[in-house]
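Enquirer: One predicted model, sequence on top.
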Amino acid sequence: MRQNYNFAWVFDLGHLLFPTVCRACGFPIKKETEVLCISCRFKLPRTFWYKMHDNPVYRKFWGQIPVHEAFTYLHFRKGNVVQTLLHSLKYHGNQDIGESLGRMFGRELVSGGWSGPEVIIPLPLHADKLRARGFNQCDSVARGLSESLGIPHDTASVKRVIANPTQTKKSRFDRWLNVEKIFEARAPERIRGKHILLIDDVITTGSTLESCGRCVLDAGAERLSIATVAGA
Ligand SMILES: [Zn+2]
């Protein structure tokens, strides 16, 4: 008679020692809060643009709104690990990825001597979109950043009041007109006189961030800096 060996306990033990796997390569990792293994964290395609005042993200806002500093953490390329992670965050609701990326980003900013902002504002989603998706992917990034930068994040002071019309096939100027006044400050007293760090997951044209940044400045922010997790 054939004997049935049950090795499930081996996997249970493995799961106990390594409760999760790296979201990029599948390698087991011990700490559940870290979504990437050491090797994948090391290999992330960083821009280091926070070390350069003048960089491609900062230049997007030239002549548009007064931005103190603007930069992105990682290079976004079709098919790269950054696209995979952000897709998993946004479309599969894996908010631990946003929190972990936010924490890593913040830790690197702190160790690079970067400081200044007093409040983090994640780019708000329109209420309809928030209802449909169930979460704002920027909020989890803001939570992680807030933890490692040691400054609060505010998801209530700015609201998106107009859902965006489709922006494809429009010029930058038309896009700018489209996104003008789509945000409203609901609690300007929490923004006034402060250095605000506005964040988003990915920057493309920058026109939505520009519109929200304008709203934050109109509400009386003393300074505006912009950071995104990734940029093309
Ligand atoms: Zn890995």
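Expert: Received the coordinates, thanks.
Enquirer: distance of Trp62 from the ion?
Expert: Computed with Cβ to the ion, to the nearest Å, the distance linking Trp62 and the ion is 37 Å. For the C-beta atoms, the positions are set from N, CA and C on the backbone; glycine is no exception.
Enquirer: wait, Lys31
Expert: For Lys31 relative to the ion (Cβ to the ion), the value is 13 Å.
Enquirer: Give me the three-state assignment for that residue.
Expert: Per DSSP: H, G, I helix; E, B strand; the rest coil, the local secondary structure of Lys31 is coil.
Enquirer: What does it show for phi and psi?
Expert: Backbone torsions of Lys31, given as degrees, to the nearest 10, read phi -90, psi 120.
Enquirer: Numbering from 17 from now on, please.
Expert: Sure, I'll start counting at 17 from here, so that last one is Lys47.
Enquirer: While we're on it, how confident is the model there?
Expert: Turning to Lys47, the model gives it a pLDDT of 77.
Enquirer: likewise Ile215?
Expert: 98.
Enquirer: show me the contacts for it.
Expert: Applying Cβ atoms under 8 Å, 6 or more residues apart in numbering, we find Ile215 in contact with 136-139, 154, 157-158, 161, 242-245.
Enquirer: any idea which helix or strand carries the residue nearest the centre of the chain?
Expert: When the chain is reduced to its mean C-alpha position, the nearest residue by Cα atoms, centre = their mean turns out to be Asp217, at 3.5 Å. Assigned by DSSP states H and E, Asp217 belongs to strand 211-219.
Enquirer: In TSV, list the contacts of Ile215 along with neighbour count and pLDDT.
Expert: Conversion of the contacts of Ile215 to TSV gives the following (neighbours: other Cβ atoms under 10 Å; pLDDT from 0 to 100):
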residue	neighbour count	pLDDT
Ile136	26	98
Ile137	28	98
Pro138	27	98
Leu139	25	97
Cys154	28	97
Val157	33	98
Ala158	24	98
Leu161	31	97
Ile242	28	98
Ala243	27	98
Thr244	25	98
Val245	28	98
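Enquirer: I'd guessed Pro168 sits against Pro138; true?
Expert: No. Applying Cβ atoms under 8 Å, one finds Pro168 not in contact with Pro138, separated by 11.9 Å.
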